[in-house]
Every structure is written in structure tokens, then in C-alpha cells.
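J.: Provided below are the primary sequence and the corresponding predicted coordinates.
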Amino acid sequence: MKRKYWVIALLFLNLSIGCGDMKERKKNIYGKYYLVESEEKDNFSICRKTKDGDFIGRIPNKVKEYVIIGDSLIVTKTLEVNVIKCYLLEIKNDSDYADKEKILKGPFNEKELLNLLESFPKFIKVQESN
């Protein structure tokens, strides 16, 4: 009888550990692209949702602002060690199996990024939880 309780306790423990991903917040920002908050509070990345329902990281953590330009680019600003870094994600060339190095450009500083883009739409602030 005690063995039965141990098995049930272990199954419950396994299920509770396995559901850790459920705490992540995910917000669809464009098509297959999501803003995903990791376990660390206010640590967002941009991921692509695959056909299997998994999420593939495309823009590194610490995304603070982003803008979508047409149907071809996602531009982000990240904060890495108190330095703003910018990335360009070419979504028109992205797929579940795309090589990240071919579709992600950067990091750039803000001045370099502004030089790359002629018209620069207003960024959308990532809503931080309180």
C-alpha cells in the first residue's frame, strides 16, 4: 500500500515539474511570431511557433521594444548588460528549419540601425508586469 502512495507522489511531482513552461506568457505579435516571457520576470524574447507547436528562439532575451515593418522585418531593441542592441529579423525568409544566422542581422547600435533604415516606424513598448 505504501508503494502505491510513493508511485502516486512521484507521478504528481513529475507532472508539476513538467508544467513549468505553462508559466511563460506568450503574446502573438505577427503571424507565427510570439513575444515570450521566460521564467525570469520581464525577460522577453521573440520566438517563431513551429508546425508542431514548439517555439524556436529568434531574437535573444531582454527584448524591450519591437516594430514590425510590412511583412518582411521585425526590428527589436534589446537591453544587454545596460547596452541597447538592435536586431533585424528577416521574417519573409524564415521557416521552421531556417538557419538563424541567415535571417537574423545584428547586433547593431541604434545609430547603425538608423543608418540601415530610411523610414523608422515608432516602436511598441513591451508591457512589463508590476
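T.: Looks like it came in fine.

J.: ok, now which ones touch the closest residue to residue 50 other than its chain neighbours?
T.: When the adjacent residues along the chain are set aside, residue 50 lies closest to residue 96, with 4.6 Å between them (Cβ to Cβ, 6 or more residues apart in numbering). Any C-beta I mention is one placed from the backbone N, CA and C, and that applies to glycine too. Contact criterion Cβ atoms under 8 Å, 6 or more residues apart in numbering gives 48, 50, 51, 56 as the residues in contact with residue 96.

J.: and residue 96, helix, strand or coil?
T.: Three-state assignment for residue 96 (DSSP: H, G, I helix; E, B strand; the rest coil): coil.

J.: for it, give its distance to residue 70.
T.: Residue 96 is 22 Å from residue 70, where distance means Cβ to Cβ, to the nearest Å.

J.: now swap in residue 61 and tell me
T.: Applying Cβ to Cβ, the value for residue 61 to residue 70 is 26 Å.
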